[in-house]
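> Need the 3D shape of this:
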Amino acid sequence: MKTRPVFFSAARLIGMLLNTLASISPGLAGRISFLLLGMPQRKKQKQEEQAFLATADLHFETINGDKVAVYHWGFRGPVVLLAHGWESHAGRWRKIAPPLVQAGFQVVAVDAPAHGRSSGRRFTMVRYADILRALLQRFGPIHALVAHSVGGAAGIWAMGTVSPALRPQKAVILASFSHLQTIMDGARQKVGASDALMAAMDAEIERVTGARIAHYSLMRQAEKLGDVDALLIHDRKDRVTAVQESEKLHRSWPGARALFTEGYGHGLTAPAVTETVLDFVQAGVVA
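So this is what the prediction gives:
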């Protein structure tokens, strides 16, 4: 009887090597794993994204050692802050920013650390949240935060840890996860990480950020945000972040509304979603 050859993905091969290393040198395995997990690839901008970003007033702010690209459209009216997701950049907002400016809003968008034109090669949700919190302080109190994926998670963390007086009136959170543990569980499954390797990563996260994975619950932060009028949007067929993540956030966030779409994927860039976001942000604003 012939035996079929066994093929290993690159991720599984890396996992096997790191599992072995974790049994010999947990500290080194944790550092390498953390480094690999937080190194996004910079996404090449499309022509239309470049044209859109060229219309902004671009400046750089140094926040906790990161040189952060901040794009600004319009200089009068309530401020809407936009935060993109993993391996994206501020260009993703090209269909949302112009109509907001036309409606009388200022729009501020940011490139996350190690994304777009911002500096660095390493990314964590906590570093992103620090930057968003600094922008909430710099421009606040703002009218609304619109944030996608890990940008949504960072936005929730920033809102939960900033002074309540500086929280936005509204927040639109698109396809976020509910706990950092969700990301770690996904990474574990992808590489086949051992218990020893996960423990090493947990220890490294504590060394770098000051707390272990269990600390970073977005649901616990959402429980404090009843003063923020929130809309959570998630597609039921999202293949990146399960819809159950936004369902958990919805149950945790007092007064939050939820919209579960069908067939728009993780990106949620469909015109119907854009129109919903624009309507929600503009509702109740006196021209």
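> For the nearest residue to Pro164 once chain neighbours are set aside, grab the count of nearby residues.
Excluding the flanking residues, the one nearest Pro164 by Cβ to Cβ, 6 or more residues apart in numbering is Asp227, at 6.5 Å. For glycine as for every other residue, the C-beta is placed from the backbone atoms N, C-alpha and C. Residues lying near Asp227 (other Cβ atoms under 10 Å) number 13.
> ok so Asp227 is a helix residue?
No. Going by DSSP: H, G, I helix; E, B strand; the rest coil, the assignment for Asp227 is coil, not a helix.
> So it sits against Arg167, correct?
Yes. Counting by Cβ atoms under 8 Å, Asp227 touches Arg167, with 6.3 Å between them.
> ok so, going back, kindly state the pLDDT recorded for the residue nearest to Pro164?
Confidence at Asp227, expressed as pLDDT, is 96.
> quick one, strands of the stretch 151-287 of the chain?
170-174, 229-235, 257-261 (DSSP state E, counting those that start in this stretch).
> deepest of the ones you listed, which one?
strand 170-174 (a mean of 27; mean count of other Cβ atoms under 10 Å).
> Please work out the angle formed by the directions of it and strand 257-261.
Interaxial angle, strand 170-174 versus strand 257-261 (axes from the mean of the first three to the mean of the last three Cα atoms, to 10 degrees): 30 degrees.
> what's strand 170-174 packed up against?
Contact here means 3 or more Cβ pairs under 8 Å, 6 or more residues apart in numbering; DSSP states H and E; on that basis strand 170-174 packs against strand 144-148, helix 150-161, strand 229-235, helix 271-282.
> The stretch 101-250 of the chain: helices as residue ranges?
Assigned by DSSP state H, counting those that start in this stretch, the helices in the stretch 101-250 of the chain fall at 125-139, 150-161, 180-191, 195-209, 218-222, 244-252.
> count of neighbours near Ala90?
Counted with other Cβ under 10 Å, the neighbours of Ala90 add up to 29.
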